[in-house]
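Trainee: Give me a model of this one.
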Amino acid sequence: MKTEAAINGAPREQGEHDAARREMAHGWRHSGERIRAGYFWYYAAIGTFMPFAALYYRELGFGGLQVGALTALPAVGMALSGPVWGAVADARAIHRRILRVALTLGVIAALATSQASGFPAVFSLVALLALASVPIAPLLDSYGMTLGDRFGLSYGRLRVWGSLGYMALTLALGRLMGDGVSSLLLVAHAACLGLALVSVFGLPRLAERRPRALFGGLREIRRNTPLLVLLGIAYLMSSGAAVMYVFLGIHIEDLDGTTSLVGPAFAISAASELPIVAFGGWFLSRIGAPRLIALALLVYAVRFAAFSVVPAGIWILPVQALHGLSYGAFLMASVTLAHRLAGRDQAATAQGLLTAMSFGFGSITGSLVGGALLEPIGTVGLFRGAAVLMLLTLAVLAAGIRLVGLDQPRPAAPA
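Mentor: Numbers count the residues shown, from 1 in each chain. Model prediction:
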């Protein structure tokens, strides 16, 4: 026979559960604004750092291999720990806690790096900054896709705010620094990460998860052949794209341009993303994710070939307008396809793996190989090689569509 405490306890537990559900529902009603602001300030932080990092390292007196090693560090962090963070977040449902801690550590690491000058100190602090930043983008994307499933929002309409933030801060910082680079870029990076932390602090728990082993999601993904093919394509694409992100500033200088062109070049690229990302759902509904990836790879090849033949740094600017149909299209298609192939219970794990293969292993390969070849073949040779790699990746995609059916319609992840 049940005791009075047990009888009275059941309604109390039910009431606490209902209160928790009401609190979560209230949090989700305001989460659209929070995730938009989070995207804006996080990608603004990237815009203050990534376009200028190689120039800053060279300004500190580091050689080609040292610059390549430093620019590869964020990718190393993503490659080694990105899938782990995603698996832990999914298994323990601690997405927002990890997001808060990562942004806080990023602020501290960026400020510390701004005070360093010697290679060992800079290397150690940039490594710390890289590890702190690893889970941020995959977790933001997991929230973005979940919002789309819950409320019928387009992921692109949320993610486009990241492009706006990147464009605005890249252009502003480039103008502020003028013809040189300084540690101001790291201070600005820390400030933007801090604003991203404030923006996302009120996000609710991402979702309830069914209990499972800590790394069970990774074992399940090993049997998901279409997703593995997508991860391989992301790796190859990003190996070539890393050449642009790391060495475009140096290429502009080699063409007798000035550092003041670097900010506008990357701002133009971010501006070209806006219509592609904002209306990504329209593109995906009409041509499908695999074919949108094919279009992105083809445009990448044309873009890199153009970089290798332009006669002056100023000509880089119009070529950068192709960024939307290359990076923007690939981003929309790959994030959406990975989410659908993996399903809701493995959403953060899949996004972590996608980030690891693209901004992780792919960027490592591009940074290190590009750094090693920078002096022998120059930036012109690097961009020609990247164009060829994009065409090879397009061939791999075609084989994947034919052999594993990447172009077959698949249902969206359950809301």
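
Trainee: Run through the helices of the stretch 1-150 of the chain in chain order.
Mentor: Taking DSSP state H, counting those that start in this stretch to define them, one finds helices in the stretch 1-150 of the chain at 4-29, 31-59, 64-92, 95-113, 119-133, 136-151.

Trainee: which other residues reach the shortest one?
Mentor: Meaning helix 119-133. Outside helix 119-133, the residues that touch it by C-beta atoms under 8 Å, 6 or more residues apart in numbering are 57, 60, 62, 66, 69-70, 73-78, 81, 102, 105-106, 108-110, 112-113, 116. Every C-beta, even on glycine, is put in place using the N, C-alpha and C of the backbone.

Trainee: Please spell out the PyMOL selection for the buried subset of those.
Mentor: To isolate the buried subset of the contacts of helix 119-133 in PyMOL, counting by 16 or more other C-beta atoms under 10 Å, use the following:
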select buried, resi 57+60+62+66+69+70+73+74+75+76+77+78+81+102+105+106+109+110+112+113+116
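
Trainee: ok, back up a step: distance to residue 247 and mean pLDDT added to the helices of the stretch 1-150 of the chain, as a markdown table?
Mentor: Below are these laid out as a markdown table (distance: least, C-beta to C-beta, whole Å; pLDDT from 0 to 100):
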| stretch | distance to residue 247 | mean pLDDT |
| --- | --- | --- |
| helix 4-29 | 42 | 52 |
| helix 31-59 | 7 | 87 |
| helix 64-92 | 9 | 73 |
| helix 95-113 | 21 | 89 |
| helix 119-133 | 17 | 89 |
| helix 136-151 | 22 | 78 |
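
Trainee: Save those helices as CSV, and put in distance to residue 334 too.
Mentor: Formatted as CSV, the helices of the stretch 1-150 of the chain follow (distance: least, C-beta to C-beta, whole Å):
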stretch, distance to residue 334
helix 4-29, 26
helix 31-59, 17
helix 64-92, 14
helix 95-113, 20
helix 119-133, 20
helix 136-151, 10
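
Trainee: Tell me which of those lies nearest to residue 228.
Mentor: Nearest of these to residue 228, taken as C-beta to C-beta: helix 64-92 at 12.7 Å.

Trainee: thinking again about what came up before, I'd like to know which of the helices of the stretch 1-150 of the chain lies nearest to residue 174.
Mentor: helix 31-59 (7.6 Å).

Trainee: Checking residue 309 next. Helix, strand or coil?
Mentor: Secondary structure, DSSP: H, G, I helix; E, B strand; the rest coil: residue 309 is coil.

Trainee: related to what we said a few turns ago, right, and the helices of the stretch 1-150 of the chain - which one's nearest residue 262?
Mentor: Nearest to residue 262, of all the helices of the stretch 1-150 of the chain, is helix 31-59, at 5.5 Å by C-beta to C-beta.

Trainee: residue ranges with poor pLDDT in the stretch 101-250 of the chain?
Mentor: Where the stretch 101-250 of the chain drops to pLDDT under 70, the residues are 149, 151-153, 179, 206-222.

Trainee: where do the helices sit along the stretch 151-300 of the chain?
Mentor: Under DSSP H, counting those that start in this stretch, the stretch 151-300 of the chain gives helices at 155-177, 184-200, 216-221, 225-254, 262-278, 280-287, 289-307.

Trainee: Would you mind giving the ones you listed as TSV with mean neighbour count and distance to residue 340 added?
Mentor: Compiled in TSV, the helices of the stretch 151-300 of the chain are given as follows (neighbours: other C-beta atoms under 10 Å; distance: least, C-beta to C-beta, whole Å):
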stretch	mean neighbour count	distance to residue 340
helix 155-177	23	11
helix 184-200	22	24
helix 216-221	18	13
helix 225-254	23	10
helix 262-278	23	18
helix 280-287	16	10
helix 289-307	22	8
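
Trainee: and those helices as JSON lines, adding distance to residue 43?
Mentor: Shown next, in JSON lines, are the helices of the stretch 151-300 of the chain (distance: least, C-beta to C-beta, whole Å):
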{"stretch": "helix 155-177", "distance to residue 43": "4"}
{"stretch": "helix 184-200", "distance to residue 43": "9"}
{"stretch": "helix 216-221", "distance to residue 43": "26"}
{"stretch": "helix 225-254", "distance to residue 43": "13"}
{"stretch": "helix 262-278", "distance to residue 43": "8"}
{"stretch": "helix 280-287", "distance to residue 43": "16"}
{"stretch": "helix 289-307", "distance to residue 43": "19"}
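
Trainee: Residue 88 is nearest to which of the ones you listed?
Mentor: Closest to residue 88 of these, according to C-beta to C-beta: helix 216-221, at 9.8 Å.

Trainee: sorry, back to before: out of the helices of the stretch 1-150 of the chain, the one nearest residue 170 is which?
Mentor: Closest approach to residue 170 among the helices of the stretch 1-150 of the chain (C-beta to C-beta): helix 31-59, 3.8 Å.

Trainee: so residue 393 touches residue 237, yeah?
Mentor: Yes - contact criterion C-beta atoms under 8 Å: residue 393 and residue 237 qualify, at 5.3 Å.
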